[in-house]
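**Q** Build the 3D model from these lines:
(one chain, ligands or ions: 1)
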Amino acid sequence: SVTPDKDRNIAHARSAIQDAASKGAQLVLLPEIWNSPYSNDSFPVYAEDIDAGADASPSTAMLSELSRFLKITIVGGSIPELSGGRLYNTCCVFGTDGKLLAKHRKIHLFDIDIPGKITFIESKTLTAGETPTIVDTEVGRIGIGICYDIRFPELAMIYAARGAHLLCYPGAFNMTTGPLHWELLQRARATDNQLYVATCSPARDTGSGYVAWGHSTLVGPFGEVLATTEHDEAIIIAEIDYSILEQRRTNLPVTKQRRGDLYQVVDFQRLNSQ
Ligand SMILES: NC(=O)CCC(=O)C(=O)O
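**A** Down below sits the predicted model:
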């Protein structure tokens, strides 16, 4: 659960990570924007300069300290990041030695308008990241996306082509699209690419300005839901077995059967702007 009290959010995340590690977790995934309310008003207020050291970024300092102390890998959800006068929605990945292994800035900003249901324009305050992020960790090769990034299959395909075993998407889907799309998209990304997909959402708070759908989930390479939860705060723990990736890919060899001679992913926007 996320509140307007940043210190409390950091302390709360710390104890949840400790709890998960004490139950055997070797990899911990946190939600999107876990140190701040999810709102354009809050992002500038709660933002941290991640590259400027522990004092400037108490949220990531805590993640680094805990990953080293507990010897676990942490995919640290996301926090608002201030860098070079710009704000980003940023996920930091820490290795078992506490070192920052990767930083993913949300590539696709959540700008949608479904009248009467949900309007959110992240680009009012945030700048989009410019690079896909794939990272080698002690618990496998992980591709990172943040929430709305999951809607773009090309990103997941790139990660799969680069040998990812697992895709991690911290996310905070909403009450309109969440029921229809959240699980569907995770299962689609996992099935298309025959790999694991893990998501982590903030718990639902009906009193907040943005109400999250919740339902953090782990999906396996056959599109099967291996673990999930409802919308209240919870820690879910599940086993990931990478040895079945090869088996799934042998059983159902879609990668080898792809007809690259007939179709390829083309960036139409870039083509049209040339
Ligand atoms: N924070 C987000 O990117 C939300 C994405 C979302 O709700 C969607 O429908 O997509």
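
**Q** What residues does the stretch 151-274 of the chain have near the ligand?
**A** 151, 172-174, 177, 181 (C-beta under 6 Å from any ligand atom). Using the backbone N, CA and C atoms, a C-beta is placed for each residue, glycine as well.

**Q** Give me the neighbour count for Val265.
**A** Applying other C-beta atoms under 10 Å, we find 10 other residues in the vicinity of Val265.

**Q** That should have said Gln26, apologies.
**A** Neighbours around Gln26, by other C-beta under 10 Å: 15.

**Q** Next, Glu246: secondary structure please.
**A** At Glu246, secondary structure determined by DSSP: H, G, I helix; E, B strand; the rest coil is helix.

**Q** Just confirm Asp49 contacts Pro80, I think it does.
**A** No - applying C-beta atoms under 8 Å as the test, Asp49 and Pro80 come out as separate, 10.6 Å apart.

**Q** Which one of these two is surrounded by more residues?
**A** More neighbours surround Pro80 than the other of Asp49 and Pro80, with 23 against 14 (other C-beta under 10 Å).

**Q** phi, psi of that one?
**A** Backbone torsions for Pro80, taken as degrees, to the nearest 10, come to phi -70, psi 130.

**Q** Is it in contact with Tyr46, as I believe?
**A** Yes - in terms of C-beta under 8 Å, Pro80 counts as a neighbour of Tyr46; the distance is 5.4 Å.

**Q** which helices and strands sit right next to the helix or strand where Asp7 lies?
**A** In the assignment (DSSP states H and E), Asp7 maps to helix 6-22. Using 3 or more C-beta pairs under 8 Å, 6 or more residues apart in numbering; DSSP states H and E, the elements in contact with helix 6-22 are strand 27-29, helix 58-70.

**Q** what angle separates the top strand by length along the chain from helix 58-70?
**A** When the chain is parsed with DSSP state E, its longest strand is strand 86-94. Orientation check (axes from the mean of the first three to the mean of the last three C-alpha atoms, to 10 degrees): strand 86-94 against helix 58-70 gives 10 degrees.

**Q** CA atoms of the helix or strand following strand 86-94 as CSV?
**A** Counting by DSSP H and E, the element after strand 86-94 in chain order, helix or strand, is strand 100-105. Output in CSV follows, covering the C-alpha atoms of strand 100-105 (Å, rounded to 0.1, in the frame of the first residue of the first chain):
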residue,chain,number,x,y,z
LEU,A,100,22.7,-0.7,-9.2
LEU,A,101,22.5,-3.1,-12.2
ALA,A,102,20.1,-1.2,-14.4
LYS,A,103,17.8,1.8,-14.5
HIS,A,104,14.7,1.7,-16.7
ARG,A,105,12.8,4.9,-17.5
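
**Q** what about Ala227, which helix or strand?
**A** Per DSSP H and E: Ala227 is located in strand 225-228.

**Q** now swap in Met157 and tell me
**A** Assigned by DSSP H and E, Met157 belongs to helix 153-161.

**Q** what residues does that helix touch?
**A** Identification of contacts with helix 153-161 by C-beta atoms under 8 Å, 6 or more residues apart in numbering yields 107-108, 132, 134, 143, 145, 149-150, 167, 188-189, 192-195, 255, 265.

**Q** can you check stretch 140-149 too?
**A** 32, 75, 78, 89, 91, 93, 102, 104, 106-110, 122, 132-135, 152, 155-156, 158-160, 162-173, 240, 242.

**Q** buried ones in it?
**A** 140-149 (16 or more other C-beta atoms under 10 Å).

**Q** Kindly report the same for stretch 155-172.
**A** Those would be 155-160, 164-172, for stretch 155-172 by 16+ other C-beta under 10 Å.
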